[in-house]
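Q: Got a sequence here, can you model it:
(one chain, ligands or ions: 2)
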Amino acid sequence: MLELIPRERRTLAPGVVHIPDWLSEDAQRVLVVAAQEWAREGPGARHATLPSGARMSVETVCLGWHWMPYRYSRTRDDQDGSPVAPFPAWLAELGAAAVADAYGRPVDYRPDVALVNSYRGDARLGLHQDREERAPDPVVSLSLGAACVFRIGSPHHRRGPWQDVELLSGDLVVFGGEHRLAYHGVPRLLPDRDVPAVGTAPGQRINITLRVSGLA
Ligand SMILES: O=C(O)CCC(=O)C(=O)O
Ligand SMILES: [Fe+2]
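A: Residues are numbered from 1 along each chain as shown. Ligands and ions are numbered 1, 2, ... in the order given. The predicted model follows:
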């Protein structure tokens, strides 16, 4: 099922752009250090609990707005109720540069939510839509550490066809436009892929997802 993808920038579908190696190794190291600090701050990262009672295998800490299945809050209501960590201005600038590069034009992109996801072992993320936002702006995804398979399909239904893309450390994916609500997920890590020394734990993948909440 996995295609052999040349490591070139590709538009996977309208509004969906993959840029391999978008982040320099230095930038990756800075982001990994920041992600590790965010994951330790306050009540720390957690495996969110789904309405079914199951816990997600991905461990997440949020900035700006705290995402829970399936709503946002300014406070960490499924933890200790403390205020969510602030969304740093430099991360918004990085997100705007990502969207401008992906779409090849100047953009007014002001993300105010980050999900910092940590995958270890057989952690994965089922197919879902990012749809708790009230704004049409694209989603930015940055990958750090271990490689994974990223699956993206249609905005209309969860079943395929999908595209499976290998995401390596430093890769950028932007999805917006008519694929803003595309189903997507991470069916598995690819722990045997070489990872540059960016500071992640052995076999760990960190994903930083940026979104515009549209909330005030
Ligand atoms: O880890 C990824 O690449 C995707 C994360 C994601 O889809 C999310 O946090 O909503
Ligand atoms: Fe998502």
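Q: interface residues of this protein facing ligand 1?
A: Contact residues (CB under 6 Å from any ligand atom) of the chain with ligand 1: 115, 117, 125, 130, 141, 150, 184, 186, 207, 209. Using the backbone N, CA and C atoms, a C-beta is placed for each residue, glycine as well.
Q: Note down every partner strand of the strand or helix carrying T11 and its orientation.
A: For T11, the host element (DSSP states H and E) is strand 10-13. Taking DSSP bridges as the criterion, strand 10-13 sits next to strand 16-19 (antiparallel) in its sheet.
Q: After the strand it pairs with, which helix or strand is next?
A: Heading C-terminal from strand 16-19, the first helix or strand you meet, by DSSP H and E, is helix 25-40.
Q: now what about the helix or strand that that next one is followed by, what contacts it?
A: Scanning forward in sequence from helix 25-40 by DSSP H and E, the next helix or strand is strand 59-63. Contact with strand 59-63 is made by 38-39, 41, 44-48, 67, 76, 84-88, 91, 113-118, 120, 123, as judged by CB atoms under 8 Å, 6 or more residues apart in numbering.
Q: Return the nearest residue of the protein with respect to ligand 1.
A: Residue of the chain nearest ligand 1, by CB to the nearest ligand atom: N207 (3.2 Å).
Q: what's the neighbour count on that residue?
A: Neighbour count of N207, defined by other CB atoms under 10 Å: 23.
Q: Tell me if I'm right that it and L144 touch.
A: Yes. With contact defined as CB atoms under 8 Å, N207 and L144 form a contacting pair (7.3 Å).
Q: follow-up on the earlier one: tell me the mean pLDDT over the strand holding T11?
A: Mean pLDDT, computed over strand 10-13, is 97.
Q: Would you mark the buried spots in that strand?
A: Neighbour-count burial for strand 10-13, counted by 16 or more other CB atoms under 10 Å, picks out 12-13.
Q: Stretch 112-128 now?
A: Counting neighbours by 16+ other CB under 10 Å, stretch 112-128 gives 112-120, 123-125, 127 as buried.
Q: Next: stretch 127-146.
A: For stretch 127-146, the neighbour count (16+ other CB under 10 Å) marks 127, 130, 132-133, 137-146 as buried.
Q: Just the pLDDT at the nearest residue to P191 once chain neighbours are set aside, thanks.
A: Closest residue in space to P191, ignoring its immediate chain neighbours: G203 at 4.6 Å, by CB to CB, 6 or more residues apart in numbering. At G203, the predicted lDDT confidence score is 95.
Q: Pull the contacting residues for G203.
A: G203 neighbours (CB under 8 Å, 6+ apart): 120-121, 146, 189, 191.
Q: Pick out the most distant pair among these.
A: Largest separation among the contacts of G203 by CB to CB: G121 and A146, giving 10.3 Å.
Q: Pick the one among the buried residues of stretch 112-128 closest to S57.
A: Lowest distance from S57 to the buried residues of stretch 112-128 (CB to CB) belongs to A123, with 4.0 Å.
Q: Double-check the closest one against V58; I have them as touching.
A: Yes. With contact defined as CB under 8 Å, A123 counts as touching V58 (5.3 Å).
Q: Please, where are all the helices along this structure?
A: Using DSSP state H, the helices of the chain run over 25-40, 89-103.
Q: Switch the ones you listed over to TSV; also include mean neighbour count.
A: Shown next, in TSV, are the helices of the chain (neighbours: other CB atoms under 10 Å):
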stretch	mean neighbour count
helix 25-40	17
helix 89-103	18
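Q: Fine, thanks again, bye for now.
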